[in-house]
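Asker: kindly return the folded structure for what I paste below:
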Amino acid sequence: MGFGLNLGRFIVDGVVQYIRTEVDRQIGGESENLNHTYGGYPVSVDAKGELWGYGLTVSYNF
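Answerer: Okay, the predicted model is just below:
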């Protein structure tokens, strides 16, 4: 969702974003790259989550 306001010489723009994962990502020791990074030990990872992002920009026109 975003917005923009024109206030004469000032312009204000903003955004809010929400992202969430739909499916859990699971790695159960089959990743050779991860296993190598941690000394050859099998690495298991379970990842899921959400992300909030937001921003605000204020501009001035001369």
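
Asker: so what's the residue count around F10?
Answerer: By other CB atoms under 10 Å, 11 other residues sit near F10. In this view, the C-beta of every residue, glycine as well, is placed from N, C-alpha and C.

Asker: who's in contact with G4?
Answerer: 11-14 (CB atoms under 8 Å, 6 or more residues apart in numbering).

Asker: wait, I meant Y54
Answerer: 14-17.

Asker: out of those, who's nearest L56?
Answerer: Distance to L56 across the contacts of Y54 (CB to CB) is lowest for G14, with 4.7 Å.

Asker: in the sheet, who's paired with the closest one?
Answerer: Note on G14: beta-bridge partners F3, L56, judged by DSSP bridges.

Asker: any idea how far L56 is from G8?
Answerer: Distance of L56 to G8, given as CB to CB, to the nearest Å: 18 Å.

Asker: higher neighbour count, these two?
Answerer: Each of L56 and G8 has its neighbours counted (other CB under 10 Å); L56 has more, 10 against 7.

Asker: my read: the more buried one touches G14, true?
Answerer: Yes: contact criterion CB atoms under 8 Å: L56 and G14 qualify, at 4.7 Å.

Asker: contact partners for V58?
Answerer: Contacts here follow CB under 8 Å, 6+ apart; on that basis V58 touches 10-12.

Asker: possible to save these as a markdown table with secondary structure?
Answerer: Shown next, in a markdown table, are the contacts of V58 (DSSP: H, G, I helix; E, B strand; the rest coil):
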| residue | secondary structure |
| --- | --- |
| F10 | strand |
| I11 | strand |
| V12 | strand |
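
Asker: so where do the strands sit in the chain?
Answerer: With strands called from DSSP state E, the chain shows them at 2-7, 10-20, 25-28, 44-47, 50-60.

Asker: now the angle between strand 10-20 and the first one, please.
Answerer: With axes from the mean of the first three to the mean of the last three CA atoms, to 10 degrees as the criterion, the two stretches strand 2-7 and strand 10-20 enclose an angle of 170 degrees.
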